[in-house]
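Enquirer: Here is a sequence with its predicted model. Questions after.
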Amino acid sequence: MERITSQRETILDYLKGVDNHPSAETIYDEVRKKLPRISRGTVYRNLKNLKRKGEIQEISAGIAYFDGDISSHAHFICQKCNKIFDIFDICKECGVLKRKKTKVGKINNYQISFYGYCQKCNNRKS
């Protein structure tokens, strides 16, 4: 059994406590405020392990961003500012996700990303 280190716990607590989707570098900068001696490698290794264990989500938008909310939800990624927004309600309408089954197997979880321009960036385009 893998032991839970204070570094891993601090990283996970940080991710569960924010409502944005920080990059590994941002997580490193923020966690260093509590654990000044933590190395960048330790943060990256712990993020990889937390993702592998299903305790966090990784969202790829050019670089990796992380989400401490592992509930079933989608993400909207702005192609201009790279801001990531959670979408909780729209995916519940999809019949496949309601049934949690497809012809190829049972769905345990999903990760859906929508790409476009957020309202702020879209208004600037006009």
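Expert: Yep, it's here.

Enquirer: Okay, now the unreliable bits of the chain?
Expert: 1-4, 91-93, 95-102, 125-126 (pLDDT under 70).

Enquirer: If we use 50, what do you get?
Expert: 1 (pLDDT under 50).

Enquirer: Run through the strands of it in chain order.
Expert: Applying DSSP state E to the chain gives strands spanning 57-61, 63-67, 74-78, 84-87, 101-102, 105-106, 113-116.

Enquirer: Including distance to residue 5 and mean neighbour count, could those go into a markdown table?
Expert: Bear in mind the C-beta positions are built from the backbone N, C-alpha and C, glycine included. Shown next, in a markdown table, are the strands of the chain (distance: least, Cβ to Cβ, whole Å; neighbours: other Cβ atoms under 10 Å):
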| stretch | distance to residue 5 | mean neighbour count |
| --- | --- | --- |
| strand 57-61 | 20 | 16 |
| strand 63-67 | 18 | 18 |
| strand 74-78 | 28 | 18 |
| strand 84-87 | 27 | 15 |
| strand 101-102 | 38 | 10 |
| strand 105-106 | 34 | 8 |
| strand 113-116 | 31 | 12 |
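
Enquirer: can the ones you listed go into CSV with extra columns for distance to residue 10?
Expert: As requested, the strands of the chain are arranged in CSV below (distance: least, Cβ to Cβ, whole Å):
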stretch, distance to residue 10
strand 57-61, 19
strand 63-67, 14
strand 74-78, 24
strand 84-87, 22
strand 101-102, 38
strand 105-106, 35
strand 113-116, 28
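
Enquirer: Tell me which of these sits nearest to residue 20.
Expert: strand 84-87 (7.5 Å; Cβ to Cβ).

Enquirer: Spell out, range by range, the helices that occur in this protein.
Expert: 6-17, 24-32, 40-52, 95-99, 119-125 (DSSP state H).

Enquirer: hmm, who's touching the last one?
Expert: Counting by Cβ atoms under 8 Å, 6 or more residues apart in numbering, helix 119-125 makes contact with 78, 80-81, 116-117, all of which sit outside it.

Enquirer: now do stretch 24-39
Expert: 6-7, 10-11, 14-15, 22, 40, 43-44, 47, 64, 66.
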